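1. here are the coordinates; sequence isn't available:
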């Protein structure tokens with residue numbers, strides 16, 4: 001009986017932890033984001049982006065000096081402004097909509113937005129957490145390209161700080177592949193990918209490019 005009660009308590013605690021907020025609250029949050037962007041207001045989305053959590057992901061594995069961290073922090077907070085980016089796109093005719101809420105296999109809340117822009121479709125899968133009793137966005141996965149905001153940002157930070165390592169060089173090569181595909185230079189894309197893919201096979205970005 002004791003073990004059964006203990007198991008039940010554990011299940012309840014885990015469930016409560018995963019169901020941090022009711023699903024309906026996340027859906028309302030997503031709808032408010034959509035409405036604010038449509039109205040040309042970037043503040044809600046910018047404020048909902050948790051820079052501290054995002055920076056931990058970006059800096060993971062990077063050996064930065066204190067001065068470099070300060071520079072990188074300034075760069076991220078100046079240029080990574082998701083609300084402003086979305087409002088700019090909508091201002092010039094893009095169509096931005098919330099399409100789905102779900103929880104992943106670990107119970108984390110996720111919302112999916114899609115953006116029609118200049119004839120192209122961008123689908124982003126946003127990862128959220130409750131921080132200080134507020135819903136916050138900590139990262140996002142760009143489905144079409146197969147790269148996360150944090151991965152793209154880490155590449156920008158490394159280029160900004162002139163950090164050269166194998167990860168940076170491989171991601172630069174993958175970006176070259178993406179550009180070559182966009183220019184329909186498939187021979188060049190295949191050539192670069194043939195060399196790079198064995199070293200980046202665990203990256204979703206590389207696998208998406210390989211499928212393209």
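-> Arrived safely, thanks for sending. Remember, predicted model here, so these are calculated numbers, not experimental data.
2. mind checking which helix or strand the residue positioned nearest the centre of the chain is in?
-> By C-alpha atoms, centre = their mean, the chain has its centre lying nearest to residue 140, at 2.0 Å. In this structure, residue 140 sits in strand 134-142 according to DSSP states H and E.
3. now do residue 99
-> strand 95-103.
4. That strand: how far from the chain's middle?
-> 14 Å (C-alpha atoms, centre = their mean, to the nearest Å).
5. ok so, going back, so what are the sheet partners of the very next helix or strand once past the strand holding residue 140 and their directions?
-> Where DSSP H and E defines the elements, the next helix or strand beyond strand 134-142 is strand 147-148. Using DSSP bridges, the strands paired with strand 147-148 in its sheet are strand 134-142 (antiparallel).
6. what comes into contact with the strand it pairs with?
-> Contact with strand 134-142 is made by 21, 25-26, 29, 45, 48-50, 53-54, 57, 82, 109, 122-130, 147-150, 152, 204, as judged by C-beta atoms under 8 Å, 6 or more residues apart in numbering. The way it works is simple: take the backbone N, C-alpha and C, and place the C-beta from them, glycine included.
7. I'd like to know which elements the longest strand seen in the chain is packed against.
-> Criterion DSSP state E: the longest strand present in the chain is strand 120-131. On a contact count with 3 or more C-beta pairs under 8 Å, 6 or more residues apart in numbering; DSSP states H and E, strand 120-131 meets strand 109-117, strand 134-142.
8. Save those strands as TSV, and put in distance to residue 185 too.
-> Shown next, in TSV, are the helices and strands packed on strand 120-131 (distance: least, C-beta to C-beta, whole Å):
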stretch	distance to residue 185
strand 109-117	23
strand 134-142	22
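9. closest one to residue 186 among the ones you listed?
-> strand 134-142 (21.7 Å; C-beta to C-beta).
10. How about that closest one, which residues are buried there?
-> 135, 136, 137, 138, 139, 140, 141, 142 (16 or more other C-beta atoms under 10 Å).
11. could you give the angle of it to strand 109-117?
-> Angle between the axes of strand 134-142 and strand 109-117 is 50 degrees (criterion: axes from the mean of the first three to the mean of the last three C-alpha atoms, to 10 degrees).
12. rewinding a little: each with direction, which strands does the strand holding residue 99 pair with?
-> strand 109-117 (antiparallel).
13. Not counting its own residues, what contacts the strand it pairs with?
-> With C-beta under 8 Å, 6+ apart as the criterion, strand 109-117 contacts 20-21, 23, 26-27, 29-30, 33-34, 86, 89, 93-104, 121-129, 135.
14. at 6 Å what do you get?
-> Residues from elsewhere that reach strand 109-117 (C-beta atoms under 6 Å, 6 or more residues apart in numbering): 26, 30, 89, 94-104, 122-126, 128.
15. Give the closest residue to residue 125 in space, chain neighbours not counted.
-> residue 141 (4.4 Å; C-beta to C-beta, 6 or more residues apart in numbering).
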